[in-house]
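Novice: model the following, please.
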Amino acid sequence: MDRRCWRRAPTGFGFALADGIDYLDGGAWDALTAGRSVFLRRDYLRVLETAGPANLRPRYALVFRDRRPVAAVAAQSVQVKGEGLLPAQGFRRRAFGGAFGRWEERLLVCGNLLACGPHGVAFAPGETDAWPGVAEALYRLRKADRLLGQHDFVVVKDLPASDAASAGALEGFAYEAVETEPQMSLALQPDWRTHADYLAALNTKYRGAARRVLKEVEAAGITVTSGPVAPAEAEALHALYLQVATQADVRLVTLPAAHWPALSAALGDDLRCTVLRRDGAPVAFVVTLRDGDVATAYFVGFDRAVEAPLYLRLLHGVVADALALGCRRVDFGRTALEPKARLGARPEPVTVYLRHRVPVMNWLLKALLCGTEPEPVPERSPFKDAAPAAT
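Specialist: Below you'll find the model as predicted:
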């Protein structure tokens, strides 16, 4: 069969598609996603539906083989403008900032635009060859949405190296694999119980640098607390989030102020929010989510006018919260590689798969979304002994 005809032929899987997570069989979804990702939990997905970005609409699918559910798919339909894919300055702004800045398109993303990592698919145990079913599910979701506008571009987001062999099946469906900047992960050793234990494990140079950060923030009259998001502070935290989000190189979505208290209420003890305050008013915050034994640094915000190392102090807050949550690893995401490497984080390669209806657009969007080349990852060894590898 011709390759073009083959990828347009049914795969033999069955499907249930839905606009809302509660439209699907909750038992089947929970069985497939149990222990996989906090971002596939129904309580998290409900928050996206009720307090998510205005230009994002979640889409879902259950994939069946012989009437048995074998995969859960969480996708996001998002309306984007070219302006949101361009940094405020630099090469990409100069190269693409003309007509492309006014370009607008709808993307279908398998995964989560709000978090780095493989949060779009969960397979049943032993299902290593169900990616063709995922590809068809995404095709069906794209076609089912035609009444609301056409999706020309599909992204399967942030697959780790362990998924490379099986996810390679997507290339038979005209997806192009692109390696992006790595996820930065810090392994937390079993004998670390508190942030003080982590500091004690650093060598003299890096421990001294870490303590200077803590002292500078304290000397600036800033106090640190950690706990759930207080609804009364949602607007103040959101204003800090916007100071950071509006400066990001790629700005596909923006969260509303209601997201923070809604997420905190939904996840309960699986969420901690570290807040830095001066004279009682928040000047910085970071949200950390527990995902099994992994802590994910979700979003940060800080007042750029405050002359203190707020961002570095927030990174230490994530480590402290991860230990308090009983986690064994911290996923910091893939921005600001240098300060995260100085904490001891190590790179973990991730791959995205891109598919555009017009093949030449794969190249253009690859350049816009991923840059010309991934940023070099700095090598740092901040621990007394050999730096622990991320697990």
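Novice: can you show me the strands along the stretch 201-350 of the chain?
Specialist: Chain-ordered strands for the stretch 201-350 of the chain, with DSSP state E, counting those that start in this stretch as the definition, fall at 222-227, 271-278, 281-291, 294-302, 329-331, 346-348, 350-356.
Novice: show me what the third one is packed up against.
Specialist: For strand 281-291, the elements it packs on are helix 234-245, helix 259-267, strand 271-278, strand 294-302, helix 310-324, judged by 3 or more CB pairs under 8 Å, 6 or more residues apart in numbering; DSSP states H and E. C-beta coordinates here come from the backbone N, C-alpha and C atoms, glycine included.
Novice: what is the shortest one packed up against?
Specialist: Counting by 3+ CB pairs under 8 Å, 6+ apart, the packing neighbours recorded for strand 271-278 are strand 222-227, helix 259-267, strand 281-291, helix 310-324.
Novice: quick one on the thing from earlier: so which of the helices and strands packed on strand 281-291 comes closest to Arg59?
Specialist: Shortest separation from Arg59 across the helices and strands packed on strand 281-291 is recorded for helix 259-267, at 18.9 Å, computed as CB to CB.
Novice: tell me where the stretch 101-250 of the chain has helices.
Specialist: Along the stretch 101-250 of the chain, counting by DSSP state H, counting those that start in this stretch, helices occupy 131-144, 164-167, 195-201, 204-219, 234-245.
Novice: what's the mean pLDDT across stretch 257-270?
Specialist: Stretch 257-270 shows an average pLDDT of 98 in the prediction.
Novice: for stretch 109-126, same thing?
Specialist: Confidence for stretch 109-126, expressed as mean pLDDT, is 95.
Novice: domains of this structure?
Specialist: Residue ranges of the domains in the chain are recorded as 3-181+349-357, 184-347, according to automatic domain parsing.
Novice: Pro378: which of those domains is closest?
Specialist: Nearest of these (CB to CB): domain 184-347, 4.6 Å.
Novice: any chance of the helices and strands packed on strand 271-278 in CSV, with distance to Leu147 too?
Specialist: Supplementary listing: the helices and strands packed on strand 271-278 in CSV, determined by distance: least, CB to CB, whole Å:
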stretch, distance to Leu147
strand 222-227, 44
helix 259-267, 27
strand 281-291, 34
helix 310-324, 42
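Novice: reformat those as a markdown table; add distance to Glu179 and mean neighbour count.
Specialist: Written out in a markdown table, the entries for the helices and strands packed on strand 271-278 read as follows (distance: least, CB to CB, whole Å; neighbours: other CB atoms under 10 Å):
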| stretch | distance to Glu179 | mean neighbour count |
| --- | --- | --- |
| strand 222-227 | 35 | 14 |
| helix 259-267 | 30 | 21 |
| strand 281-291 | 23 | 23 |
| helix 310-324 | 25 | 22 |
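Novice: so which of those gets nearest Val63?
Specialist: Across those, the minimum distance to Val63, taken as CB to CB, is reached by strand 281-291, at 22.7 Å.
Novice: quick revisit: take the helices of the stretch 101-250 of the chain and lay them out in a markdown table including mean neighbour count and mean pLDDT.
Specialist: Conversion of the helices of the stretch 101-250 of the chain to a markdown table gives the following (neighbours: other CB atoms under 10 Å; pLDDT from 0 to 100):
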| stretch | mean neighbour count | mean pLDDT |
| --- | --- | --- |
| helix 131-144 | 21 | 95 |
| helix 164-167 | 14 | 86 |
| helix 195-201 | 16 | 97 |
| helix 204-219 | 14 | 97 |
| helix 234-245 | 17 | 96 |
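Novice: out of these, nearest to Glu348?
Specialist: Counting by CB to CB, Glu348 lies closest to helix 164-167 out of the helices of the stretch 101-250 of the chain; the figure is 12.5 Å.
Novice: contact partners of the closest one?
Specialist: With contact meaning CB atoms under 8 Å, 6 or more residues apart in numbering, helix 164-167 is reached by 128-129, 131, 156, 159, 351, 353.
Novice: quick one: which of the residues you listed has the most company?
Specialist: Neighbour counts for those (other CB atoms under 10 Å) peak at Val156, which has 29 neighbours.
Novice: which residue would you name as the spatial centre of this protein?
Specialist: Nearest to the geometric centre of the chain sits Ala115, at 1.2 Å (CA atoms, centre = their mean).
Novice: I'd like to know how many residues surround the residue nearest to that one when sequence neighbours are not counted.
Specialist: Using CB to CB, 6 or more residues apart in numbering and skipping residues adjacent in sequence, the residue nearest Ala115 is Phe39, 5.6 Å away. Neighbouring residues of Phe39 were enumerated by other CB under 10 Å; the total is 22.
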